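**Q** A structural model of the following input is requested.
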Amino acid sequence: MSSSKTPVARPPVTRLLHVDGLKAAAAQLIVLHHLSAYGPVAEAVEELLPALMAWAYQYGRMAVQVFLVLGGFLTARALSSQGQLLEGGWFSLLARRYQRLALPFMGAVLLTLACSALVARWLPELVPAQVGWGQLLAHAGLVHGVLGYEALTVGAWYVAIDLQLFALLAGVLAFSRGLALPRAWRRWIGPGLVAVLTAASLLVFNRDSALDNWGLYFFGAYGLGALVHWLGLLPQRRLGLMLLAALGLAALLLDFRERIALALATALVLAWQQRRHEAGLPLLLAPPRLQPLLAHLGTHSYALFLVHFPICLLINALFERHDLGDGWPGLMAMLAAWGLSNLAAVSFYRWIEQPAGRLRLGALLARLWPRTLRA
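**A** Predicted coordinates for the structure are as follows:
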């Protein structure tokens with residue numbers, strides 16, 4: 001990326017409906033995946049719709065790659081909206097991100113444990129055998145995966161990885177800001193280093209499944225999203241996206257992974273839709289009457305990701321307790337779990353996720369931490 005080029009002027013910020021749409025679709029697919037993977041309801045529906053359930057189980061989980069790409073894009077956009085140097089201390093930013101992730105997550109963990117206690121009689125295979133204080137503290141610190149603790153709810157690994165990825169990206173930008181170089185150079189050293197880390201992840205780290213508790217394993221997808229943002233600031237956007245696609249194709253030629261193919265496709269679709277958004281063009285495949293729904297589903301996607309498993313436990317326990325049989329009753333139970341999960345996400349967002357985001361815990365942690373780590 002050349003430092004001699006100035007960023008392209010952007011129109012006033014409006015809601016990114018294309019991001020909402022991608023988030024909404026990914027969240028719903030993840031719910032479908034988990035409903036197809038756990039409990040007697042899944043077994044009942046599998047007899048009725050074996051092909052659909054097999055597809056949901058095999059491919060629904062890959063929707064997390066969409067979240068990873070979008071996470072990188074939104075983080076880069078938040079930390080360097082116009083390509084400027086990082087503003088604020090690294091630890092302060094990380095503390096705020098931890099607050100937004102961990103407080104709702106721990107609310108979901110406690111809700112899951114409460115539901116687990118209610119259903120343990122009927123679904124012993126779906127609930128933890130025992131829960132210790134060390135396990136709870138590891139979840140609260142989002143280090144349960146690296147410490148080897150069993151997850152207390154589905155998707156717990158993703159929340160921990162999200163924090164690691166944010167820390168890596170913000171850390172690279174903080175490092176580039178501190179270099180004794182002209183400001184114009186430092187502005188692009190950060191994105192350049194992110195590109196290097198993205199390539200390293202796609203070509204090396206993501207090929208070693210033993211690293212899947214660490215952010216570097218997933219940084220390829222996350223970095224693709226971040227680079228889509230920075231490339232969008234350059235006049236040579238198209239050339240940059242061609243190079244990005246070439247990197248992704250090289251990674252697939254080296255070792256074909258469906259998850260990386262999906263991440264690359266998501267990044268390119270995101271870049272295309274972002275360009276349309278900046279040009280003031282309407283979102284494709286979303287007539288105006290559906291746009292409020294997209295905004296709603298996108299806003300509540302994290303809440304849905306967190307809260308759907310307790311609902312899944314309760315519906316499966318009721319199904320098992322009343323011995324409702326196979327086939328169509330199972331399908332009705334699965335649809336009920338899906339619908340109730342979306343309803344529960346609204347309440348979870350309103351009463352847990354939103355209030356957690358308004359707390360000033362991040363600022364308190366930043367004040368208590370040593371000044372050298374906050375710089």
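**Q** Spell out the secondary structure type for His18.
**A** Three-state call for His18 (DSSP: H, G, I helix; E, B strand; the rest coil): helix.
**Q** The nearest residue to it once chain neighbours are set aside is in what secondary structure piece?
**A** Nearest non-adjacent residue to His18, counting by Cβ to Cβ, 6 or more residues apart in numbering: Gln273, 3.7 Å away. Every residue, glycine included, has its C-beta placed from N, CA and C. Element membership for Gln273 (DSSP states H and E) is helix 258-278.
**Q** and that helix, how far from the chain's centre?
**A** Distance of helix 258-278 from its chain centroid, counting by Cα atoms, centre = their mean, to the nearest Å, is 15 Å.
**Q** Can you point out the buried residues in the following helix or strand past it?
**A** Per DSSP H and E, helix 258-278 leads on to helix 291-299 as the next helix or strand towards the C-terminus. For helix 291-299, burial by neighbour count (16 or more other Cβ atoms under 10 Å) applies to Gln291, Leu294, Ala295, His296, Leu297, Gly298, Thr299.
**Q** and helix 291-299, what does it pack onto?
**A** helix 17-37 (3 or more Cβ pairs under 8 Å, 6 or more residues apart in numbering; DSSP states H and E).
**Q** Which positions within the helix it packs on qualify as buried?
**A** Those would be 17-36, for helix 17-37 by 16+ other Cβ under 10 Å.
**Q** same deal with stretch 52-60?
**A** Neighbour-count burial for stretch 52-60 [16+ other Cβ under 10 Å]: Met53, Ala56, Tyr57, Gly60.
**Q** now that stretch: mean pLDDT?
**A** For stretch 52-60, mean pLDDT rounds to 94.
**Q** same question, stretch 229-239
**A** 95.
**Q** same thing with stretch 251-266?
**A** Mean predicted confidence for stretch 251-266 is 98.
**Q** quick one: that stretch to chain centroid distance?
**A** Using Cα atoms, centre = their mean, the offset of stretch 251-266 from its chain centre is 18 Å.
**Q** What distance do you get for the spatially most central residue of the chain to Leu74?
**A** Nearest to the mean C-alpha position of the chain, by Cα atoms, centre = their mean, lies Phe67 at 3.6 Å. In this view, Phe67 and Leu74 are 10 Å apart by Cβ to Cβ, to the nearest Å.
**Q** any chance you could map the helices in the stretch 101-250 of the chain?
**A** For the stretch 101-250 of the chain, the helices defined by DSSP state H, counting those that start in this stretch occupy 133-140, 156-177, 183-203, 215-231, 237-254.
**Q** Would you mind finding the most buried of these?
**A** helix 215-231 (a mean of 26; mean count of other Cβ atoms under 10 Å).
**Q** related to what we said a few turns ago, let me have the helices of the stretch 101-250 of the chain in CSV, extended by distance to Ala261.
**A** As requested, the helices of the stretch 101-250 of the chain are arranged in CSV below (distance: least, Cβ to Cβ, whole Å):
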stretch, distance to Ala261
helix 133-140, 32
helix 156-177, 19
helix 183-203, 11
helix 215-231, 11
helix 237-254, 6
